[in-house]
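*Asks:* below: sequence and its predicted model.
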Protein chains: 2
Amino acid sequence: MTKLKGACLIGQSGGPTSVINASALGCIEAALQSESVTRVYGAANGIKGVLDERIYDMNQEDPKELSLMKYTPSSVLGTCRYKLKDFKVDDTDYQRILEIFKKYDIRFFFYNGGNDSMDTCNKISSFLSQHDYDCKVIGIPKTIDNDLAATDHCPGYGSAAKYVATTCMEVYRDAKVYGTGSITVIEVMGRNAGWLTAASALAGYKDMGPDLIYLPEVPFDMDKFIADITKVYNEKGDVLVAVSEGIVDKDGKYISTYFTETAKSTDAFGHAQMGGLASNLANFANTKLNAKVRGIEFGLIQRCAAHVASATDIEEAYMAGFAAFKAAEEGITDKMVAFEREAGPVYSCKTKLVDLSDVANFEKKVPREWINEEGNGMKQEFIDYALPLIQGESEVPKEDGLPRFANLKKVLTTAK
Amino acid sequence: MTKLKGACLIGQSGGPTSVINASALGCIEAALQSESVTRVYGAANGIKGVLDERIYDMNQEDPKELSLMKYTPSSVLGTCRYKLKDFKVDDTDYQRILEIFKKYDIRFFFYNGGNDSMDTCNKISSFLSQHDYDCKVIGIPKTIDNDLAATDHCPGYGSAAKYVATTCMEVYRDAKVYGTGSITVIEVMGRNAGWLTAASALAGYKDMGPDLIYLPEVPFDMDKFIADITKVYNEKGDVLVAVSEGIVDKDGKYISTYFTETAKSTDAFGHAQMGGLASNLANFANTKLNAKVRGIEFGLIQRCAAHVASATDIEEAYMAGFAAFKAAEEGITDKMVAFEREAGPVYSCKTKLVDLSDVANFEKKVPREWINEEGNGMKQEFIDYALPLIQGESEVPKEDGLPRFANLKKVLTTAK
C-alpha cells in the first residue's frame, strides 16, 4: 500500500482557548516535518475560510514565530461558529469544500474545536468518503468547557481552570478585606456543563475558595440559594459564591432569564447568550440580607488568560495536535484524538483515537457523585481529577514586561 | 538627643492592591530588626482596629510566612474606609487613638493607603503632636489609581497596569477571532484619574491595544464617541475600546449615570459607586452600528491579580515600607514616603519624603499633554512614563500549581 501524499489543512473552530494554538502548532510542526506533506495550509476562520477560499500558506511562516503559537491565546487562524447542514438535505457547502480540497490537493484535514466542530469534521469526512475523495480527517479537541465525550479531559480546560482557581483565591483575599459583611458572586462560563465552575473548588482546596458552588448539573432553587447564603453569612459574616452561567431550575429554565426576559439573543447554534447573572444574583441575595454585594463576571478573560495557562495543558494540547497528524499520516481517518489518564498514583496522560461520531454533539456533564449531596460544593473526587490538569506555569517569553505572542504573516494563497 | 524607643504599629487602609502587603512587609521587617522597637503591631482593618482595640501581635508570626506577604494580594491586616472627623469639631476618635497608643506605647505609626489615608495620617499626627505625645507618623503610599500628589508614581499602580496591559493584549486577540464585526468595550477602574485606563495603551505599544481610550481627564461626548467608533469600525471591521469607570461629560456628570440614575450608592467618602458602564456603552454603540458587542468589566480583579504583579512594583512597594520605618526611626514625622525617578536613560527610582499635607486629599491627574489631541488615545510620553513600572515578573511561590499566599496567625493582643 502506497502512503497517501498531498497537502495538509488545519482549521480552528468555536470559542478560542489559551492553548488551541498549541494544538494547531503540534499539528503544523508534525506536518511541516512529514515527507507525506507537500504543503501546509491554515483555513482562515475555520470552515468559513475553506468556503471563501481564504487559506493561509503556513510554509511561508518563520518557524521561530510559529513556535510562539504554543503560548499565544485565541485562535491565530481565526475561528467561526458555522454549522454545516446535513448534506443529504443540502450539499452546496460540501461540494464547495470538495472543490477547494481538490484544488489544493488537501489529503490531510484537521479540525480543532469542540463538539460542534467534531460534528462538522464527521460530516465532511463522510461526504468526502462517499465521493471517493481520499482525505484523512482527524478532529483535535479543544474546549474550556471540558464537555467532550470519550476523552478524560479536553485541551483548554486545564488553563481556564487554573485561571478560575487562581483568580478565586485572589478575589477571596480581596472580598474579605473590609471585615464588613459581604456577598460576592462569581459567574463562570459553562452553559450546560459545570466543569469550569467546579474548578473554583481548587481554590477551596487551598482554603481560599467559594463557600458555595452551583453547577448546571444540579437544579438551582432560589429559596435554597437564599437559605444557603444566609447560613454561611450568619456563620462567617461573608459569602463567596461561584455559579455557572448556565444554571437552570428544575424545569430546565435558565436562572439568568429570571432577571431579564429581554434581549436574550442566541448564537448560530441556538445557544442562549448569557450574562449579568452574577450581579443579579448578588443583588437578589441582598434583598434578603443587607450586606455589601458584588457580582464578578470572569467573561471571556477566562478563555484567553494565556499568562496564567497551565504548562500541563499547553504540553497536552501540543501533543494532541501532533498525535492528530501522526494518525492521519498513518492512514487513519474519521477519528478524534482523545486523552486517556494512565492508572497509578502519579498523573500521566497519553493520547488515543475515538470515533468522531462518539463525540459529535454529545456533552459530558460533571458526575453527580462528584458534587456534594446538597448540590452546592465539590467533593474530593473532583479535586483529584482536576488538580493534575493545572500544574506548571506557562513559559511565554516576555518583552518589555508583556507577553510576546506569535505574529504570523498569514499569507493568503490567493494573494498576488 | 536620645533616640525614641517604643512599639511600632502599622495599619492598611482603602482599596487593597497586589503589593500593599509588600509595603507592610518592608515596614514590619525593618521594625522587627530595629533596636528602637519593643514590639511590632498590626491594626486590624486600619484605624478601625485601633478604635476597637483589635491589634495583631506581629512578633508572634513566623518570619518565613511573613515573607510571603511580598507576593500576597489584598491587605493581610484588613482594611477600612473610615474617615476621621476634624478633631477641632469632634475629637472622640482621636482621644481613643491616643488612649490605645499610650496603652501599647506606640511610638512609630505607619498608615499604608491612598490620599484619604494620608489625610487620616496627617490628622492623627497633628493631634498627637498637639497633645505632646511623641510618636513618629509616616504615610506609606498605595493605590492602583496612581493619583497621589508629590510622588512620581504609587506602589500598586505598576502591577495593576501590568494586569490591564496583559489582559488587553489577550482580549485583543480574542475579540478579533471571529472575523466578524465586533465592538468590545473594556471598563477600567479610576474614578477621577485615568492612569490605569491609560495603561491599556501599553498593550497598544505592542500593537494589541484598544483602538480608542477615554479617560476622565477629557470630557466625554457621546456623539464624538459614536463618531470615533464608527470611523474605526469602518476602517478595521472591529473596535476595541477602553474607558475609565469615571468618565464624565463636559458638565462633570458621570457617563455611567446616563444609563441608569437608580441604585447609585456612595461609599463612606461620598465617592459614587460605579459599574455596568462597559456593557451599557457597548450596547449604546450597537444601536448605531449593528455589530457583535461585548462589555468587559475588569472589576476588582485588576487590583488583586497578584499572579501577574510587576516585580518592579513589588520591590518598590517593599522599599517604600522599609524607608518609612527608617525615616521614623531617625526621628522624622508627619511625612509620606514618595518616589523620585532618577534622570537618565535607564529607569531607576529612589525614595524621598514629602509633607503629608501636600498629599492628603489631592488627586493627581494624567497630564493633558500625554493624551492625544482628539482625547481618545495616549501619546508616547505616557508609554515612556509607564513602561518601566510594569517590568519583571512576580516570583510568588507555587504549591499544587496555585500561588502560595501568606497565612498569618494574626494573634490579637486581647486574645487570652
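*Replies:* Ah, there it is. Numbering: from 1, shown residues only, chains lettered A, B, ... in the order given.
*Asks:* near chain B, which residues of the stretch 101-250 of chain A? Just list them.
*Replies:* The interface of the stretch 101-250 of chain A toward chain B, taken as Cβ under 8 Å from any Cβ of the partner chain, is made up of A:162, A:165-167, A:169-171, A:173-179, A:202-203, A:205-206, A:208. In short, each C-beta sits where N, CA and C put it, glycine included.
*Asks:* hmm, 7 Å instead?
*Replies:* By the rule Cβ under 7 Å from any Cβ of the partner chain, the part of the stretch 101-250 of chain A lying against chain B is A:162, A:165-167, A:169-171, A:173-174, A:177-179, A:202, A:206.
*Asks:* check contacts around A:Ile183.
*Replies:* Going by Cβ atoms under 7 Å, 6 or more residues apart in numbering or on different chains, A:Ile183 touches A:229, A:233, A:239, A:282, A:285-286, A:289, A:291, A:293.
*Asks:* just A:Ala203 next, same as before
*Replies:* A:165, A:168-169, A:172, A:209.
*Asks:* between all of those residues, which two are separated the most?
*Replies:* Largest separation among the contacts of A:Ala203 by Cβ to Cβ: A:Ala165 and A:Tyr172, giving 10.5 Å.
*Asks:* just give the closest residue to A:Val76, not the sequence neighbours.
*Replies:* The shortest distance from A:Val76 to any non-neighbouring residue, by Cβ to Cβ, 6 or more residues apart in numbering or on different chains, is to A:Asn21 (5.1 Å).
*Asks:* so what's the residue count around that neighbour?
*Replies:* A:Asn21: 34 surrounding residues under other Cβ atoms under 10 Å in any protein chain shown.
*Asks:* the residues of the stretch 101-250 of chain A next to chain B into a markdown table, with extra columns for neighbour count?
*Replies:* Converted to a markdown table, these look like this (neighbours: other Cβ atoms under 10 Å in any protein chain shown):
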| residue | neighbour count |
| --- | --- |
| A:Lys162 | 30 |
| A:Ala165 | 29 |
| A:Thr166 | 27 |
| A:Thr167 | 24 |
| A:Met169 | 27 |
| A:Glu170 | 26 |
| A:Val171 | 29 |
| A:Arg173 | 21 |
| A:Asp174 | 27 |
| A:Val177 | 25 |
| A:Tyr178 | 20 |
| A:Gly179 | 20 |
| A:Leu202 | 27 |
| A:Lys206 | 19 |
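*Asks:* quick one, which of those has the minimum pLDDT?
*Replies:* In terms of pLDDT, the lowest of those is A:Gly179, showing 83.
*Asks:* that one in helix, strand or coil?
*Replies:* When the structure is reduced to helix, strand and coil (DSSP: H, G, I helix; E, B strand; the rest coil), A:Gly179 reads as coil.
*Asks:* list the contacts of it.
*Replies:* B:44-45, B:78.
*Asks:* run through the strands of chain A in chain order.
*Replies:* Secondary structure of chain A (DSSP state E): strands located at A:6-12, A:37-43, A:55-57, A:106-113, A:136-141, A:182-188, A:212-214, A:238-244, A:292-297, A:335-341, A:349-355, A:398-399, A:402-403.
*Asks:* restricted to helices, list the contacts of A:Ile183.
*Replies:* Among the contacts of A:Ile183, the members falling in helices are A:229, A:233, A:282, A:285-286 (criterion: DSSP state H).
*Asks:* and those, which two are the farthest apart?
*Replies:* Pairwise across those, and taking Cβ to Cβ, the largest span is found between A:Tyr233 and A:Ala282, at 12.3 Å.
*Asks:* burial count for the closest residue to A:Gly194 other than its chain neighbours?
*Replies:* The spatially closest residue to A:Gly194, leaving aside those adjacent along the chain, is A:Leu215, at 2.6 Å (Cβ to Cβ, 6+ apart). A total of 29 residues lie near A:Leu215 under the criterion other Cβ under 10 Å.
*Asks:* enumerate every residue touching the residue nearest the centre of chain A.
*Replies:* When chain A is reduced to its mean C-alpha position, the nearest residue by Cα atoms, centre = their mean turns out to be A:Thr143, at 1.7 Å. By Cβ under 7 Å, 6+ apart, the contact set of A:Thr143 is A:14, A:114, A:154, A:156-157.
*Asks:* swap in 8 Å and give it another go.
*Replies:* For A:Thr143, the contact set (Cβ atoms under 8 Å, 6 or more residues apart in numbering or on different chains) comprises A:14-15, A:17, A:113-115, A:154, A:156-157.
*Asks:* and the gap between the closest residue to A:Arg294 other than its chain neighbours and A:Ala198?
*Replies:* Spatially, and ignoring its direct neighbours in sequence, A:Arg294 is nearest to A:Thr184 (4.8 Å; Cβ to Cβ, 6+ apart). Remark: distance between A:Thr184 and A:Ala198 (Cβ to Cβ, to the nearest Å) = 18 Å.
*Asks:* next, count neighbours for the closest residue to A:Gly204 other than its chain neighbours.
*Replies:* What sits nearest to A:Gly204 in space, not counting adjacent residues and going by Cβ to Cβ, 6+ apart, is A:Pro210, at 6.4 Å. Taking other Cβ under 10 Å as the criterion, the count of residues near A:Pro210 is 27.
*Asks:* A:Pro210 touches A:Ala198, doesn't it?
*Replies:* No: here A:Pro210 does not reach A:Ala198: they are 10.4 Å apart, not a contact under Cβ atoms under 8 Å.
*Asks:* shared neighbours, A:Ala165 and A:Tyr172?
*Replies:* Common neighbours of A:Ala165 and A:Tyr172, using Cβ under 8 Å, 6+ apart, are A:203, A:209.
*Asks:* how about low-confidence regions in the stretch 251-400 of chain A?
*Replies:* Low-confidence segments of the stretch 251-400 of chain A, defined by pLDDT under 70, are located at A:260-275.
*Asks:* so which bits of it are right by chain B?
*Replies:* Along the stretch 251-400 of chain A, the residues adjacent to chain B under the rule Cβ under 8 Å from any Cβ are A:275-276, A:279, A:294, A:296-297, A:299-301, A:303-308, A:310, A:312, A:387, A:390-393, A:398-400.
*Asks:* number of residues surrounding A:Asn372?
*Replies:* Per other Cβ under 10 Å, the neighbour tally for A:Asn372 reads 14.
*Asks:* meant to ask about A:Glu65, not that
*Replies:* Around A:Glu65 sit 14 other residues, with neighbours defined as other Cβ under 10 Å.
*Asks:* ok, back up a step: can you add distance to B:Lys409 and give the residues of the stretch 101-250 of chain A next to chain B back as a markdown table?
*Replies:* Output for these, formatted as a markdown table (distance: Cβ to Cβ, whole Å):
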| residue | distance to B:Lys409 |
| --- | --- |
| A:Lys162 | 29 |
| A:Ala165 | 25 |
| A:Thr166 | 24 |
| A:Thr167 | 26 |
| A:Met169 | 19 |
| A:Glu170 | 21 |
| A:Val171 | 23 |
| A:Arg173 | 16 |
| A:Asp174 | 21 |
| A:Val177 | 18 |
| A:Tyr178 | 21 |
| A:Gly179 | 17 |
| A:Leu202 | 25 |
| A:Lys206 | 17 |
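*Asks:* so of those, which ones are in helices?
*Replies:* Counting by DSSP H, the part of those found in helices is A:162, A:165-167, A:169-171, A:173-174, A:202.
*Asks:* before we move on, back to that, could you flag which of the ones in helices among the contacts of A:Ile183 are buried?
*Replies:* Members of those that pass the buried threshold by neighbour count (16 or more other Cβ atoms under 10 Å in any protein chain shown) are listed as A:229, A:233, A:282, A:285.
*Asks:* mind listing what the residue of the stretch 201-350 of chain A found nearest chain B touches?
*Replies:* Of all residues in the stretch 201-350 of chain A, A:Cys304 sits closest to chain B, with a separation of 4.1 Å (Cβ to the nearest Cβ). Contact analysis of A:Cys304 by Cβ under 8 Å, 6+ apart lists A:16-18, A:73-74, B:170-171, B:173-174.
*Asks:* now do 6 Å
*Replies:* A:73-74, B:170, B:174 (Cβ atoms under 6 Å, 6 or more residues apart in numbering or on different chains).
*Asks:* what about A:Glu395, how many residues nearby?
*Replies:* Applying other Cβ under 10 Å, we find 11 residues neighbouring A:Glu395.
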